[in-house]
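Q: with the sequence up front, the predicted model follows.
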Protein chains: 2
Amino acid sequence: LIDAIERRLGQRGGRVRRSVGDDAAVVDAGGSVAVTSLDSFVEGVHFSLATHSPADVGHSALAAALSDLAAMGAAPGEVFVGIALSSEFGEQRALELIDAMEALAKRVGATIAGGDVVRSPALSVTVSVTGWAADAGDLVYRDGARAGDLIGVTGRLGGSGAGRLLLSGLRADLSAGARNGLVTRHLRPQPRLRCGRELARAGVSAMIDVSDGVATDAGHLARRSGVELCVALDRLPLADGVIKVARAAQRDPTELAATMGDDYELLVTAPPNVRARVQRAAGDGDSELTWIGEVGRGEGARLIGAGGKDVELQGYEHR
Amino acid sequence: LIDAIERRLGQRGGRVRRSVGDDAAVVDAGGSVAVTSLDSFVEGVHFSLATHSPADVGHSALAAALSDLAAMGAAPGEVFVGIALSSEFGEQRALELIDAMEALAKRVGATIAGGDVVRSPALSVTVSVTGWAADAGDLVYRDGARAGDLIGVTGRLGGSGAGRLLLSGLRADLSAGARNGLVTRHLRPQPRLRCGRELARAGVSAMIDVSDGVATDAGHLARRSGVELCVALDRLPLADGVIKVARAAQRDPTELAATMGDDYELLVTAPPNVRARVQRAAGDGDSELTWIGEVGRGEGARLIGAGGKDVELQGYEHR
């Protein structure tokens, strides 16, 4: 549907540098460029009030939108929030939701500058965020990956997915602290804003945030760049506790980490000559970077499992 | 709730010139200022698929958001659309919705630059629009009305409300053409973008779009400006057919025009010395302006009916 929508849209005014198809749109504002992304979070689809507090909902909705700015290498700016409130949700919980958004906005230096509050049969939160850069050339897009580039990912994967399984009732052989860490990873994702800017400065050729899972997001990046991303599944950095949760769920830990999404880490490609610089940049951004594969001349994402065999994995897209 | 939200929000980065509380937020982008507004449209609350086609929904959602830019005197720029689709709505109807948005965007020179498509129990459309101006001083806000200013309104009122009553099944003594005109007024509102810019240039002191009805919107403007807006109800310019529809609905036509909202005309205040210039500006913006009252030293909106008596009217707010 998004492809069909994209084909129907024209551009006017000469300010739009990038629109549908990347993590965010880029608009030339004269002295600087505005980077904007909009995301919707719907009760029963993206979260459940059985597991998410109002504060978790507010935090997650804003974190997901900010993560798109991180994936462009933009500095966060303004936030606009549309809250559709079901009648049973109530004003007090709406304010708890806003307070959590405001706390995250404050921590990353963003301003909630407007929005809309309406009634609705189901709770949903739509967040539009605008970030800023001095020049469109300072940003990183999904279409810059080239054959021969290395593929890297920040942080560790699978933590959010494992947390989601635990919240849905799965019992695993974990300490209270380990369980809590995974659940927090799911309920309070952290957008890698500083890391995204450092990686952009270090010269990564393409970048996307891992919201749908590496399996799916590598495919998005490959398609936009017209290349093949070959990812070695055994090199994926797994979050602590993911192996135990996967065992309890009778799933392969790597498959869980590659497909459950919501980790909001950054997936990058980089020419081999900036390898060391990119790795240092991730450290400067308070993260770590793991090299997980290489860009080839084919198309789409190719996931390579044990013994060098291709693996088919289904991530979840656009819930 | 919006007041409570506003009190909880801080500002960062030094770019935000105006945030919650006006028609749109104003952000300094270096060489120019970005003006952004976000609006949500929910099935069963703001529209019904029994009366609105997918194209009507798309058009109305974008028109309402663009109307906020008109009320600031900003030139339209970029549009971001969040569509939450119920499973029965389907892809074909989603594309009809988008096509109508794209047609309106094209007509006013705006670009749909991004968005999000998600599943949802109910259809809803959230639109974030960004407009542009060279300088924050070129825009018009809600807080500039001063005692002694005149109050004016563009176009004619009550047409959208009358159209809504007809769509809900009311029978009135109207020609097919007159009925059609009122229904179109409701299903396809036209944002007064050019008129808003002309009025801003002509020196109006405050401006707001009439989305909740003059009774309510005059109150918003009065409250933000710290003044009283005295509106003579018998001076309200009524759309053709409103009197007949009001008669059929056993309502007072003026009360209908002042409270049913969704006309998306512009309510302005202006110092008496620019009266003629403002009136000409409305004409240059392909509209007409009617003077309907005066700004006083009190507070809130004061609606004056037949015989100079105060009238209490309840508009609808933030559905």
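A: Okay, I see it.

Q: which residues of the stretch 201-319 of chain A fall in helices?
A: Counting by DSSP state H, counting those that start in this stretch, the segments of the stretch 201-319 of chain A that form helices are A:214-225, A:242-248, A:253-259, A:275-284.

Q: over to the stretch 51-200 of chain A?
A: Assigned helices in the stretch 51-200 of chain A, in chain order: A:54-70, A:90-108, A:159-167, A:176-187, A:193-202 (criterion: DSSP H, counting those that start in this stretch).

Q: which stretch in those helices has the least confidence?
A: Within these, the least confident segment by mean pLDDT turns out to be helix A:90-108, at a mean of 93.

Q: report whether that one contacts chain B.
A: Yes: Helix A:90-108 comes into contact with chain B (C-beta under 8 Å from any C-beta of the partner chain), by way of A:91, A:94-95, A:98-99, A:102, A:105-106. Using the backbone N, CA and C atoms, a C-beta is placed for each residue, glycine as well.

Q: pick out the most distant pair among the residues you listed.
A: In terms of C-beta to C-beta, those reach their longest pairwise distance at A:E91 and A:K106, which sit 21.9 Å apart.

Q: show me the shaky parts of chain A.
A: In the prediction, chain A carries residues with pLDDT under 70 at positions A:2, A:5, A:21, A:314-319.

Q: what about A:S168, how many residues nearby?
A: 11 (other C-beta atoms under 10 Å in any protein chain shown).

Q: give me every residue that touches the closest residue to it other than its chain neighbours.
A: Computed as C-beta to C-beta, 6 or more residues apart in numbering or on different chains, the closest residue to A:S168 that is not its neighbour in sequence is A:T51, at 7.4 Å. Residues touching A:T51, when contacts are defined by C-beta atoms under 8 Å, 6 or more residues apart in numbering or on different chains, comprise A:167-168, A:187.

Q: next: A:G10.
A: When contacts are counted by C-beta under 8 Å, 6+ apart, A:G10 touches B:102, B:106, B:111.

Q: any idea how far the first one lies from chain A?
A: Okay, so that is B:E102. For B:E102, the distance to chain A (C-beta to the nearest C-beta, to the nearest Å) stands at 6 Å.

Q: just checking, that residue touches B:I112?
A: Yes: taking contact to mean C-beta atoms under 8 Å, the distance of 6.1 Å between B:E102 and B:I112 places them in contact.

Q: looking at the two, which one has more neighbours?
A: Comparing B:E102 with B:I112 by neighbour count (other C-beta under 10 Å), the higher total belongs to B:I112, at 29 against 22.

Q: so the more buried one sits right up against B:V79, yeah?
A: Yes: applying C-beta under 8 Å as the test, B:I112 and B:V79 come out as touching, 4.6 Å apart.

Q: hey, what's in contact with both of those two?
A: Common neighbours of B:I112 and B:V79, counting by C-beta under 8 Å, 6+ apart, are B:101, B:105.

Q: hang on, the earlier thing: so which of the helices of the stretch 51-200 of chain A is nearest B:G305?
A: Judged by C-beta to C-beta, the one of the helices of the stretch 51-200 of chain A that comes nearest to B:G305 is helix A:90-108, at 33.9 Å.

Q: before we move on, the earlier item: indicate which one of the helices of the stretch 201-319 of chain A is closest to A:W132.
A: Distances from A:W132 to each of these were compared by C-beta to C-beta, and the smallest falls on helix A:275-284, at 19.8 Å.

Q: just to revisit the earlier point, for chain B, find the nearest of the helices of the stretch 201-319 of chain A.
A: Each of those was scored for nearness to chain B using C-beta to the nearest C-beta, and the closest is helix A:214-225 (14.1 Å).

Q: counting contacts, what elements does the closest one pack onto?
A: Helices and strands in packing contact with helix A:214-225 are listed as strand A:206-209, strand A:228-232, helix A:253-259, strand A:266-270, strand A:300-304; criterion 3 or more C-beta pairs under 8 Å, 6 or more residues apart in numbering or on different chains; DSSP states H and E.

Q: could you dump that helix to CSV, C-alpha only?
A: Provided in CSV are the C-alpha atoms of helix A:214-225 (Å, rounded to 0.1, in the frame of the first residue of the first chain):
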residue,chain,number,x,y,z
VAL,A,214,17.0,-7.0,11.1
ALA,A,215,15.6,-9.6,8.6
THR,A,216,13.0,-7.1,7.4
ASP,A,217,14.9,-3.8,7.8
ALA,A,218,17.9,-5.2,5.9
GLY,A,219,15.5,-5.9,3.1
HIS,A,220,14.2,-2.3,3.2
LEU,A,221,17.7,-0.9,3.0
ALA,A,222,18.7,-3.4,0.2
ARG,A,223,15.7,-2.5,-1.9
ARG,A,224,16.2,1.2,-1.6
SER,A,225,19.9,0.9,-2.4
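
Q: show me what it is in contact with.
A: Counting by C-beta under 8 Å, 6+ apart, A:21-22, A:141-146, A:151, A:153, A:157, A:206, A:208-212, A:228-229, A:231, A:236, A:257-259, A:261, A:267, A:269, A:292, A:295, A:299-301, A:303, A:313-317 sit against helix A:214-225.

Q: now the angle from it to strand A:266-270?
A: 50 degrees (axes from the mean of the first three to the mean of the last three C-alpha atoms, to 10 degrees).

Q: gap between helix A:214-225 and the chain center?
A: Relative to the mean C-alpha coordinate of its chain, helix A:214-225 is positioned 13 Å out (C-alpha atoms, centre = their mean, to the nearest Å).

Q: next, count neighbours for the residue nearest to A:E288 when sequence neighbours are not counted.
A: Of all residues beyond its chain neighbours, the one nearest A:E288 is A:A282 (5.8 Å), with distances taken as C-beta to C-beta, 6+ apart. Using other C-beta under 10 Å, A:A282 is surrounded by 24 other residues.

Q: what residue, apart from its backbone neighbours, is nearest whichever residue of the stretch 151-300 of chain A sits closest to chain B spatially?
A: Distances from the stretch 151-300 of chain A to chain B, computed as C-beta to the nearest C-beta, single out A:S211 as the nearest residue at 11.1 Å. Spatial nearest neighbour of A:S211, chain neighbours left out: A:G261 (5.7 Å); criterion: C-beta to C-beta, 6+ apart.

Q: and that neighbour, how many residues sit next to it?
A: Using other C-beta under 10 Å as the criterion, A:G261 is surrounded by 24 other residues.

Q: do A:P272 as well
A: By other C-beta under 10 Å, 10 other residues sit near A:P272.

Q: now render the helices and strands packed on helix A:214-225 as JSON lines, adding mean neighbour count and distance to A:I243.
A: JSON lines is the format used below for the helices and strands packed on helix A:214-225 (neighbours: other C-beta atoms under 10 Å in any protein chain shown; distance: least, C-beta to C-beta, whole Å):
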{"stretch": "strand A:206-209", "mean neighbour count": "27", "distance to A:I243": "24"}
{"stretch": "strand A:228-232", "mean neighbour count": "22", "distance to A:I243": "18"}
{"stretch": "helix A:253-259", "mean neighbour count": "24", "distance to A:I243": "5"}
{"stretch": "strand A:266-270", "mean neighbour count": "29", "distance to A:I243": "22"}
{"stretch": "strand A:300-304", "mean neighbour count": "19", "distance to A:I243": "19"}
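
Q: could those be laid out in a markdown table, adding distance to chain B?
A: Converted to a markdown table, the helices and strands packed on helix A:214-225 look like this (distance: least, C-beta to the nearest C-beta, whole Å):
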| stretch | distance to chain B |
| --- | --- |
| strand A:206-209 | 14 |
| strand A:228-232 | 23 |
| helix A:253-259 | 19 |
| strand A:266-270 | 19 |
| strand A:300-304 | 21 |
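
Q: output the ones you listed as a markdown table; include the columns distance to B:R275.
A: Formatted as a markdown table, the entries for these read as follows, by distance: least, C-beta to C-beta, whole Å:
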| stretch | distance to B:R275 |
| --- | --- |
| strand A:206-209 | 54 |
| strand A:228-232 | 65 |
| helix A:253-259 | 66 |
| strand A:266-270 | 58 |
| strand A:300-304 | 65 |
